[in-house]
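> Sequence and computational prediction follow.
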Amino acid sequence: MSDEQGGFFKGLLKRVTGAPAPAEPPEPGTAPPATPEAPGFFTRLKNGLKKTTDGLVGRIDALVLGKKEINADTLEELEEILITSDIGVATTVELIRALEQRLSRQELKDGQALKSALKEELLSRLLACHQSFRPEGATPFVVLVVGVNGVGKTTTIGKLAARYAAEGKRVLLAAGDTFRAAAAEQLVVWGERAGVEVIRHQEGADPSAVAFDACKAAVARKTDLLIIDTAGRLHTKVNLMEEMKKIRRVIEREIPGAPHETLLVLDAATGQNALSQARLFKEAAGVSGLALTKLDGTAKGGIIVAISRECALPVRFIGIGESVDDLRDFDPQEFVNALFQA
Ligand SMILES: Nc1nc2c(ncn2[C@@H]2O[C@H](COP(=O)(O)OP(=O)(O)OP(=O)(O)O)[C@@H](O)[C@H]2O)c(=O)[nH]1
């Protein structure tokens, strides 16, 4: 079993066996203990972003602590913090320029004002290219999911299938990753859990043939949402990129206007690497939206700002854990609030 499979099945096992033990009955005459509420998504988001918060906001706090005034030197030090928090050089330069202007307008009186100004500037950049994912306006609505291996594509598809099936949509999955039999198995497990069918072929089959069959089946079954997985292909392999173009051509021919979304899945923990994958895939694969996974447990969450700003692509979803409800619509306001632990 590969590490990825191992991780997947371990995650599954954890979920299966991780149910809390039945509570002891309360002592006679005592009130039953209050059942702790499962933490809400915002709390989980805050917890998930903790490392990024510590690395970014924590260092800003340390920078301004005890400072009587914010000046050009403070902004220079802030520049270094932003760059090393994976916000990216281009976006950092832009942010620092905006803060310099605020400084010259005497708007940055103290550390708190600096933090608030930075929060506003980050938010406005995230909002500039924000657009939520709405699988509407076409039946079937076809989503092609791309990205290098191990970033969380299959998991993301599984989570989306579960969510939209629960909303009452007719969902169909296609196991276009025919390079690894385990990839299709993994998708089938997610499909079973969500009560969603999976179109799959033998290992080594032509992924375009899977896409073709899936499109035909989706039209025949009046599916609302068809999600097509692809192999974890490396952007350096030209032939694999060509194959992705072939899959697109097949989909376009079968369902005019499709794919309606080409979702690039990126592992946030890979930082600058995720940014270069986004640049390459954007051109080669016609990416229209992004899913940033594994924001939990990484200090590199700032990459979300760099990617959405520098690639001008909307972040549709963020992943903050392995369980089914750890994939959420990306909400810029909620994200910056969680980042600044507001
Ligand atoms: N902590 C955390 N783990 C995640 C998240 N999303 C996915 N994972 C884990 O990342 C690992 C890889 O996920 P997969 O979905 O198998 O990745 P993939 O891109 O489909 O990989 P290939 O099938 O090899 O192409 C699994 O162990 C997932 O449980 C997330 O948001 N947070």
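Here it is on my side, so go on.

> mind saving the C-alpha coords of the one helix or strand residue 308 maps to as PDB?
Using DSSP states H and E, residue 308 maps to helix 303-311. Taking C-alpha atoms only, helix 303-311 is exported to PDB below (Å, rounded to 0.1, in the frame of the first residue of the first chain):
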ATOM      1  CA  ILE A 303       0.000  31.100  -0.100                       C
ATOM      2  CA  ILE A 304      -3.800  31.500  -0.600                       C
ATOM      3  CA  VAL A 305      -3.300  35.200  -1.000                       C
ATOM      4  CA  ALA A 306      -0.300  34.800  -3.300                       C
ATOM      5  CA  ILE A 307      -2.100  32.300  -5.600                       C
ATOM      6  CA  SER A 308      -5.400  34.000  -5.900                       C
ATOM      7  CA  ARG A 309      -3.800  37.400  -6.500                       C
ATOM      8  CA  GLU A 310      -1.000  36.400  -8.800                       C
ATOM      9  CA  CYS A 311      -3.000  33.900 -10.800                       C
END
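
> quick one: low-confidence ranges for this protein?
1-39, 233-237, 342 (pLDDT under 70).

> what ranges do the strands span in it?
Counting by DSSP state E, the segments of the chain that form strands are 141-146, 171-176, 197-199, 225-230, 261-267, 289-293, 315-319, 327-329.

> ok, which residues in the chain are in contact with the ligand?
By the rule Cβ under 6 Å from any ligand atom, the part of the chain lying against the ligand is 4, 7-8, 11, 147, 149-155, 177, 183, 232, 293-294, 296-297, 319-322, 326. (C-beta placed from N, C-alpha, C; glycine too.)

> List buried residues within those.
Burial by neighbour count, 16 or more other Cβ atoms under 10 Å: within the residues of the chain next to the ligand this picks out 4, 8, 147, 149, 151-155, 177, 183, 232, 293-294, 296, 319-322, 326.

> roughly how far is stretch 294-305 from the heart of the chain?
10 Å (Cα atoms, centre = their mean, to the nearest Å).

> Give me the buried positions along that stretch.
294-296, 298-305.
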